[in-house]
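S.K.: Sequence unavailable; structure follows:
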């Protein structure tokens, strides 16, 4: 899978995370509100994508760093959570412990889950083609 598609999927996942989080707290899911909630995590995801891309460029033989690989997903996930929480705090917002736990687990399941599903589909296609 090419980087732009993997990055787009990650950004959509972060937006879904923000929408679900806001709606579960009876907050508005208008564009501005979702943007205010999502922006720190979107920046974190972008940084994670750049780190994974740099890793892949430095070691092009390393398929673990390919954009849709689980290892790259771990990099994106950790940068999304750590960067997102850090930017929330730096901008004067809060990050209570339960929120950090829920964000870490939710984003981990989503950002790694789509990659695991993609890997299974690729393996299944390869097995039927061979």
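M.R.: Ah, there it is. Computed from a prediction, not measured in an experiment: that's the story for all the values here.
S.K.: So which residues of this protein form helices?
M.R.: Along the chain, counting by DSSP state H, helices occupy 3-24, 31-58, 70-90, 97-129.
S.K.: Give the residue spans of this structure that score low on pLDDT.
M.R.: Applying pLDDT under 70 to the chain flags the ranges 60, 65, 130.
S.K.: so which of the helices of the chain comes closest to residue 64?
M.R.: Smallest distance to residue 64 across those (Cβ to Cβ): 3.8 Å, for helix 70-90. Backbone N, C-alpha and C define where each C-beta goes, glycine included.
S.K.: If we ignore the residues flanking it in sequence, what's nearest residue 27?
M.R.: Excluding its sequence neighbours, the residue lying closest to residue 27 (Cβ to Cβ, 6 or more residues apart in numbering) is residue 33, at 6.2 Å.
S.K.: just checking, the one you found touches residue 22?
M.R.: Yes - applying Cβ atoms under 8 Å as the test, residue 33 and residue 22 come out as touching, 6.1 Å apart.
S.K.: Have a look at the two and say which one is more surrounded.
M.R.: Under the neighbour definition other Cβ atoms under 10 Å, residue 33 and residue 22 were set side by side, and residue 22 has more, 18 against 14.
S.K.: Report the contact partners of residue 39.
M.R.: Neighbouring residues of residue 39 by Cβ atoms under 8 Å, 6 or more residues apart in numbering: residue 87.
S.K.: Including distance to residue 64, could the helices of the chain go into a markdown table?
M.R.: Below are the helices of the chain laid out as a markdown table (distance: least, Cβ to Cβ, whole Å):
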| stretch | distance to residue 64 |
| --- | --- |
| helix 3-24 | 14 |
| helix 31-58 | 8 |
| helix 70-90 | 4 |
| helix 97-129 | 11 |
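S.K.: All set now, cheers.
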